[in-house]
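Enquirer: What follows is a predicted protein model with its sequence.
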Amino acid sequence: MTTLSVPAFLRDGDTVPECASTDPDLWFPENGGIRGVVREICGACPYRLPCRDWARARDERGVWGGETETGRRSARLVAGLVRAPAQRETKPCGTYAAYRRHLRKGEQPCRSCQGAERARRAHAPEAA
Ligand code: SF4
Ligand SMILES: [Zn+2]
């Protein structure tokens, strides 16, 4: 039987964790979940937290430190290790972009936006 390789964060002399002598498929479930036996093994493992953090930092696949890929993804999001899907930034009034937005909406641009447009024209090399 193939066994899982020893987690790379272990150093020489560290006790080999139980996962290293199990079937690798257990740690990489198709559905991205976690099997009960894996939860138990990780739960009792002295490396649970360093293992989890090691995998989070590298965005590893599979279960590490009792954490699933989904759990890891959320944790990375919370920790700012990945960006949330970008939100379109809305420029505030007083910018040329906001001036254009007023026009697109068929509104009379507000004073700050008119000021921004005037400034843009004043600085344009060939004011149209
Ligand atoms: S926490 Fe789980 S995956 Fe990590 S070393 Fe221990 S048994 Fe292996
Ligand atoms: Zn405005």
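Expert: Good, I have the coordinates. Ligands and ions are numbered 1, 2, ... in the order given.

Enquirer: what's near enough to touch the residue nearest the centre of the chain?
Expert: In the chain, the centroid-proximal residue (C-alpha atoms, centre = their mean) is Val82; its distance is 2.7 Å. Contact analysis of Val82 by C-beta atoms under 8 Å, 6 or more residues apart in numbering lists 59, 73, 76. Where you see a C-beta, it was placed from the backbone N, CA and C, and this is true even at glycine.

Enquirer: what about the closest residue to the first one other than its chain neighbours, which helix or strand?
Expert: If the residues on either side of it in the chain are set aside, Asp59 comes closest to Arg76, at 6.6 Å by C-beta to C-beta, 6 or more residues apart in numbering. Using DSSP states H and E, Arg76 sits within helix 69-78.

Enquirer: hmm, back to that, show me which of the contacts of Val82 are buried.
Expert: Arg73 (16 or more other C-beta atoms under 10 Å).

Enquirer: Can I get the contacts of Val82 in a markdown table including pLDDT and distance to ligand 2?
Expert: Shown next, in a markdown table, are the contacts of Val82 (pLDDT from 0 to 100; distance: C-beta to the ion, whole Å):
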| residue | pLDDT | distance to ligand 2 |
| --- | --- | --- |
| Asp59 | 88 | 42 |
| Arg73 | 92 | 39 |
| Arg76 | 93 | 38 |
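
Enquirer: for the protein, what are the low-confidence residue spans?
Expert: Within the chain, the segments meeting pLDDT under 70 span 1-4, 84-87, 125-128.

Enquirer: So which bits of it are right by ligand 2?
Expert: Applying C-beta under 5 Å from the ion, we find that the chain lies next to ligand 2 at 93, 98, 110, 113.
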